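[1] Quick one, fold the following:
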Amino acid sequence: MTKIGRCWMTACGLALMTTACGSSDAPDVPTEESPTPIKRRPTPVTEFTPVELEATVDDLIAELNEHANESMHAEILLKIVNGFFAPVTTAANRAMGELGITGNVVGRLEEPGDQEEAVRLQNEQIEQTVAGGAEAIGLAPFGDGNASAIDAAVAKGIHVVTLDADVEDSKRSMYVGTLNGAAGATAGETLLKVLRPPPGTVLIHGNVNPVWATGLERTQGAQRVFEEAGYKTVVTQITLTAMGDVEDAGSMRTQIETEDPPVVGMIGMFNESYRCAMAAEDAGRTDIPIVAFDFDPKTVNYMRKGLINATHTQRQYYEGYLVPYILYGIKNLGLDATKRILAPRMADDSRLDTGIDVITVDKLDAYNDFLYALGVSQ
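    Next up, the predicted model:
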């Protein structure tokens, strides 16, 4: 049997890191003489099961099972391993166990406060991973500042697949996850359906910092929807620190009370979307329609209170599950052959779209049941 890496903790600068280790009951690594078929954990079938993604994974496995595959060592480097990334962590470990991949799923215990410092520390982590002998890397990058470290890894023959956020101006092999511009527009359309006609201001809890390019792309995707419909938009920059709830809710409350024309809607673009509802509640404006992103427990609570109309989930589980399979496919089938199998879900030559789900209040329990059946929580 193949051992799936050891549990370990490491420090990157002053940032504490933790590892979620792969399953210890991984299948035997196939040999040329007697290939062991790859067997997946059964997936629950519900209204939220992404049928196309499931079929694509099955097609990749079917092709791999026609070959005598070589084992591999890969590292999955995440921003954090809990919260939003908890389903990614679970799924990546599950896939590594099914494939017999040795390696670790590594991430911080909490969100970093400084974006540029986070990029620097992650670049050091990539360099350490390369020096440690990884054959492939799955990476949830912090931004375009990771490009040079990615390119240095690729120059040494290591394939890098990004997830959650992309670094398009790098030599990464593929991106797996939400297409942020389109996702932002989808969320904008969800809110647009319940807005009163213009004039009016829409508050966007988003990102304007170009260092976080994918966050900017999602924010602008929503912004265009409202501006084309005749609304004024105001973006409140998300604060990624321990005081973010207080600071962001306070800023948006002030905007609710002072904007001209008056605020007629609010939209949160990231996991901290619940701050929009906090601000509206503090301002005594619970009549403002709000839509959110992701499935943070606080967001769900505000949905149950009737203060958030809908949220948009990014299928983090499938991002985490797909990346080890793709890296394994690249090693054993080649990059081009792997892309051909993934073609039904490819947005272009290098981006695989995992899509998003729109969850309304009446679907909360059904979606929770789906996550429970997958063995994850958010």
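[2] can you give me the strands in this protein?
    11-12, 15-21, 73-80, 102-108, 136-139, 159-163, 174-177, 201-206, 232-237, 263-268, 290-293, 310-313, 351-353, 357-360 (DSSP state E).
[3] Of these, which is nearest residue 331?
    Proximity to residue 331, assessed across the strands of the chain by CB to CB, is greatest for strand 136-139 (6.6 Å). Where you see a C-beta, it was placed from the backbone N, CA and C, and this is true even at glycine.
[4] same for the closest one, what does it pack against?
    Judged by 3 or more CB pairs under 8 Å, 6 or more residues apart in numbering; DSSP states H and E, the packing partners of strand 136-139 are strand 73-80, helix 115-131, strand 159-163, helix 316-333.
[5] chain center to it, what's the gap?
    14 Å (CA atoms, centre = their mean, to the nearest Å).
[6] I'd like the helices and strands packed on strand 136-139 as CSV, with mean pLDDT appended.
    Below are the helices and strands packed on strand 136-139 laid out as CSV (pLDDT from 0 to 100):
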stretch, mean pLDDT
strand 73-80, 95
helix 115-131, 91
strand 159-163, 98
helix 316-333, 97
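[7] Put together JSON lines for these, with mean neighbour count and distance to residue 296 on each row.
    Shown next, in JSON lines, are the helices and strands packed on strand 136-139 (neighbours: other CB atoms under 10 Å; distance: least, CB to CB, whole Å):
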{"stretch": "strand 73-80", "mean neighbour count": "24", "distance to residue 296": "13"}
{"stretch": "helix 115-131", "mean neighbour count": "18", "distance to residue 296": "20"}
{"stretch": "strand 159-163", "mean neighbour count": "25", "distance to residue 296": "19"}
{"stretch": "helix 316-333", "mean neighbour count": "26", "distance to residue 296": "12"}
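[8] possible to save those as TSV with distance to residue 281?
    As requested, those are exported to TSV (distance: least, CB to CB, whole Å):
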stretch	distance to residue 281
strand 73-80	27
helix 115-131	28
strand 159-163	34
helix 316-333	27
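[9] Can you check which of the ones you listed gets nearest to residue 363?
    Comparing the helices and strands packed on strand 136-139 by CB to CB, helix 316-333 comes nearest, at 17.0 Å.
[10] Now residue 347: closest residue in space, sequence neighbours ignored.
    Spatial nearest neighbour of residue 347, excluding adjacent residues (CB to CB, 6 or more residues apart in numbering): residue 353 at 4.6 Å.
[11] ah, wrong one, I meant residue 173
    residue 159 (4.6 Å).
[12] swap in residue 132?
    residue 75 (7.7 Å).
[13] Need the phi and psi values for the residue nearest the centre of the chain.
    Among the residues of the chain, the one closest to the centroid is residue 164, at 3.2 Å (CA atoms, centre = their mean). In terms of degrees, to the nearest 10, the main-chain angles of residue 164 are phi 70, psi -50.
[14] and it, what does it touch?
    Residue 164 makes contacts with 78, 79, 85, 88, 140, 177, 178, 314, 316, 319, as judged by CB atoms under 8 Å, 6 or more residues apart in numbering.
[15] nearest to residue 227, of the helices and strands packed on strand 136-139?
    For those, proximity to residue 227 was assessed by CB to CB; helix 115-131 is nearest, at 26.0 Å.
[16] Next, the angle strand 73-80 makes with that closest one.
    Put simply, helix 115-131 runs at 170 degrees to strand 73-80, going by axes from the mean of the first three to the mean of the last three CA atoms, to 10 degrees.
[17] Which elements pack onto helix 115-131?
    strand 11-12, strand 73-80, strand 136-139, helix 147-155.
[18] Generate CSV for these, with distance to residue 96 as supplementary columns.
    Below are the helices and strands packed on helix 115-131 laid out as CSV (distance: least, CB to CB, whole Å):
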stretch, distance to residue 96
strand 11-12, 21
strand 73-80, 7
strand 136-139, 10
helix 147-155, 19
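[19] so which of those gets nearest residue 41?
    strand 73-80 (17.5 Å).
[20] what lines up beside that closest one in the sheet?
    Within its sheet, and counting by DSSP bridges, strand 73-80 is paired with strand 102-108 (parallel), strand 136-139 (parallel).
[21] mind checking which of those strands is nearest residue 373?
    The stretch from these with the least distance to residue 373 (CB to CB) is strand 102-108; that distance is 21.4 Å.
[22] relative to helix 316-333, how tilted is that closest one?
    Using the same axes, to 10 degrees: strand 102-108 against helix 316-333 is 140 degrees.
[23] Which of the strands of the chain comes out lowest on mean pLDDT?
    Ranked by mean pLDDT, those end with strand 11-12 at the bottom, a mean of 32.
[24] residues contacting residue 257?
    Contacts of residue 257 by CB under 8 Å, 6+ apart are residue 283.
[25] same deal with residue 345?
    Per CB under 8 Å, 6+ apart, neighbours of residue 345: 52, 53, 56, 352, 353, 354.
[26] Just the buried ones from the residues you listed?
    53, 56, 352, 353, 354 (16 or more other CB atoms under 10 Å).
[27] Would you mind giving the domain segments of the protein?
    With domains defined by automatic domain parsing, the chain comprises 11-178+315-357, 180-313.
[28] Using JSON lines, lay out those together with distance to residue 363.
    Below are those laid out as JSON lines (distance: least, CB to CB, whole Å):
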{"stretch": "domain 11-178+315-357", "distance to residue 363": "8"}
{"stretch": "domain 180-313", "distance to residue 363": "9"}
